[in-house]
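Peer 1: Mind looking at a prediction? Sequence and model below.
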Number of protein chains: 2
Amino acid sequence: MARDLQERIKKLIIDRRLPSGASLPTEPELMELLGVSRNSVREALKALQAMGIVEIRHGFGTYVGPMSMAPMIEGLTFRTVAGHYRGEDSLLQLLELREAVETGLIARLAGRVPEADLAELDALVDRMDAEAATDGAVSPGTDRAFHATLYRGLGNPLLGEVMEAFWDAFHRVRTDLVAIPHDPKVTGLQHREIVDAVRSGDPLRAERAIREHFGDIRTRLSTPASNPTGTPTGTP
Amino acid sequence: MARDLQERIKKLIIDRRLPSGASLPTEPELMELLGVSRNSVREALKALQAMGIVEIRHGFGTYVGPMSMAPMIEGLTFRTVAGHYRGEDSLLQLLELREAVETGLIARLAGRVPEADLAELDALVDRMDAEAATDGAVSPGTDRAFHATLYRGLGNPLLGEVMEAFWDAFHRVRTDLVAIPHDPKVTGLQHREIVDAVRSGDPLRAERAIREHFGDIRTRLSTPASNPTGTPTGTP
DNA sequence: AGAGTCAGCTGCTCTAACCAACTGAGCTAG
DNA sequence: CTAGCTCAGTTGGTTAGAGCAGCTGACTCT
């Protein structure tokens, strides 16, 4: 029945053609509308919230969610962390997933990135180099911005979001679990090659650049310096 | 605080190294363990259930979930359906996502699929042809089995699951929303070419075969016979 | 006219009780 | 003695009512 409740609320959103951000009925209204107790309404809303379908703001109301990939990140992160502690190579699997998606897309992207985005990518690589010089490491934010900007030109918001979701999940697990050896100068060079390859319009070169980038991460991942601070929740 | 509760339960799973299927404390036990009311415990569990992290069986207990991609399918499906009704080309975006992932993987797969899987793929294509002859259409189950078998050889369970998740979401939306013109004979031919290409070990040929397959679906999608029944809720 | 305050909405948490599904021990019939 | 049934106990599912907490907007005082 709880499952059914969620379906009915989803149906309500679809039927009323509610866009993201539109306000849903209040909890008392939903109680009457669906003929169930407040508790059941709340449990259904909690589940929908976990799926990103609704957004709940305390003291304000319930709204149609942004339908982002955020919940997927949660699930993927947890799955990977749990797998890691059970001795699986779940982080490597996640990296391979990213590699597969990005290599599949980069070819289509070659020569089709707007000049404005290319300039932004150049600037981001410059920032990587600058960060490497001052901090000795590239900040995660810059790397994320690079990938986000790169795939913006696809004209497909879903693709960009999925890509960012995979990036986020990978990064969260990586920072939580393992310290990966890092040569920031190489990172800068590889990203610059990606930009140049895409700018040149050569799909094969672009694909090769991406594969090299991921191959490098994979190598660093295969010989990990296990997190010296220990597991987040207490090492056995 | 509710958010915090979920985190604490997740932490509990990680700390105790609970594998999928392990039983969690009962609701009263969690009440005492976390120092909150049963209601709050239940809402947290509902949210975790929606993310596939726990599994709740009425009258039996709560267990660590299979951590499958099932919740992602839910979210993706809803997002796509909602987008479709708002006039977006969300189904096309989903198709492009599938195409990107599969083209990114097929090259790596070429020449590396075990003979047993290849034989199974042959049998599946045969079944497609048989279904085309008798029913005039290829059953969804056969198509799904084909893709699942194809990507089994990757040695990466995550990849396979994500692929199946995308397939499921796409198929669910497709059957709910649009009737796509369908030439089962072409479907059979394209799948056979995919198998042959992979068997030949030629990555470029395999990639071309996949692109052709998706290009065909895309064409059929671009000139859709929109669901004449109209509302989403009337159609099963 | 501006800033502080309060009433009202909203969602959040708790308590207490009962319903429903499943398990397993014990009982009955063959 | 065994096969099947029944029933009690455990677990999650649902309801009800009460009070707490965050936000908004109108009202009031300076």
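Peer 2: Received it, and whenever you're ready, just let me know what you need.
Peer 1: Could you use CA atoms for every contact and neighbour count after this?
Peer 2: Fine.
Peer 1: Please give me every residue in contact with the residue nearest to the spatial centre of chain A.
Peer 2: Averaging the C-alpha coordinates of chain A gives a centre point, and the residue nearest to it by CA atoms, centre = their mean is A:Ala165 (1.5 Å). Contacts for A:Ala165 were tallied using CA atoms under 8 Å, 6 or more residues apart in numbering or on different chains; they are A:Met69, A:Ala70, A:Met72, A:Ile73.
Peer 1: Quick check: buried residues in the one helix or strand it maps to?
Peer 2: Taking DSSP states H and E as the definition, A:Ala165 sits inside helix A:157-177. Within helix A:157-177, the residues that qualify as buried by neighbour count (16 or more other CA atoms under 10 Å in any protein chain shown) are A:158-174, A:177.
Peer 1: which residue packs closest to the residue of chain A found nearest chain B, ignoring adjacent ones?
Peer 2: Of chain A, the residue with the smallest distance to chain B, taken as CA to the nearest CA, is A:Gly104 at 3.8 Å. With CA to CA, 6 or more residues apart in numbering or on different chains as the measure, B:Gly104 is the residue that lies nearest to A:Gly104, at 3.8 Å, once sequence neighbours are left out.
Peer 1: and A:Pro181, helix, strand or coil?
Peer 2: What DSSP: H, G, I helix; E, B strand; the rest coil gives for A:Pro181 is coil.
Peer 1: now it: how far from A:Leu221?
Peer 2: Distance, A:Pro181 to A:Leu221, using CA to CA, to the nearest Å: 8 Å.
Peer 1: For those two, indicate the residue with more neighbours.
Peer 2: A:Leu221 (19 against 13; other CA atoms under 10 Å in any protein chain shown).
Peer 1: Next up, the contacts around the more buried one.
Peer 2: Neighbour list for A:Leu221: A:Leu92, A:Ile180 [criterion: CA under 8 Å, 6+ apart].
Peer 1: May I see the domains of chain A written out as residue ranges?
Peer 2: When chain A is parsed into structural domains using automatic domain parsing, the resulting residue ranges are A:2-64, A:70-226.
Peer 1: can you give me the strands in chain A?
Peer 2: Taking DSSP state E as the criterion, chain A contains strands spanning A:54-57, A:61-64, A:178-179, A:225-226.
Peer 1: tell me the pLDDT at A:Asp216?
Peer 2: Reading off the confidence values, A:Asp216 has pLDDT 92.
Peer 1: quick one, what contacts A:Ile194?
Peer 2: Contacts for A:Ile194 (CA under 8 Å, 6+ apart) come out as A:Ala206, A:Ala209, A:Ile210.
Peer 1: and of those, the nearest to DNA strand D?
Peer 2: Using CA to the nearest atom of the strand, A:Ile210 is the member of the contacts of A:Ile194 that sits closest to DNA strand D, with 43.1 Å.
Peer 1: okay but the closest one is in contact with A:Gly104, surely?
Peer 2: No: checked against CA atoms under 8 Å, the pair A:Ile210 and A:Gly104 is beyond contact range at 10.0 Å.
Peer 1: which one of the domains of chain A lies closest to B:Thr62?
Peer 2: Using CA to CA as the measure, domain A:2-64 is the one of the domains of chain A that comes nearest B:Thr62, at 15.7 Å.
Peer 1: which residues are in contact with stretch A:65-73?
Peer 2: Counting by CA under 8 Å, 6+ apart, A:20-21, A:49-55, A:161-162, A:165-166, A:168-169, B:51, B:71-72, B:75, B:79 sit against stretch A:65-73.
Peer 1: do that again at 6 Å, thanks
Peer 2: By CA atoms under 6 Å, 6 or more residues apart in numbering or on different chains, the list of residues contacting stretch A:65-73 from outside reads A:Ser20, A:Met51, A:Gly52, A:Ile53, A:Val54, A:Glu55, A:Ala165, A:Ala169, B:Met72, B:Arg79.
Peer 1: That stretch and DNA strand C, any residue contact?
Peer 2: No: looking at stretch A:65-73 against DNA strand C by CA under 7 Å from any atom of the strand, there are no contacts, and the closest approach is 13.4 Å.
Peer 1: and that stretch, what's its mean pLDDT?
Peer 2: Along stretch A:65-73, the predicted confidence averages to a pLDDT of 88.
Peer 1: Near DNA strand D, which residues of chain A are found?
Peer 2: A:Met1, A:Ala2, A:Gly35, A:Val36, A:Ser37, A:Arg38, A:Asn39, A:Ser40, A:His58, A:Gly59, A:Phe60.
Peer 1: Report the buried members of these.
Peer 2: So, of the residues of chain A next to DNA strand D, A:Ser40 end up buried under the neighbour-count rule (16+ other CA under 10 Å).
Peer 1: can you put the residues of chain A next to DNA strand D in CSV and add pLDDT?
Peer 2: Listed next are the residues of chain A next to DNA strand D as CSV, based on pLDDT from 0 to 100:
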residue, pLDDT
A:Met1, 78
A:Ala2, 80
A:Gly35, 95
A:Val36, 95
A:Ser37, 95
A:Arg38, 96
A:Asn39, 96
A:Ser40, 96
A:His58, 93
A:Gly59, 93
A:Phe60, 93
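Peer 1: among the residues of chain A next to DNA strand D, which are in helices?
Peer 2: When helices are assigned by DSSP state H, the members of the residues of chain A next to DNA strand D inside them are A:Ala2, A:Arg38, A:Asn39, A:Ser40.
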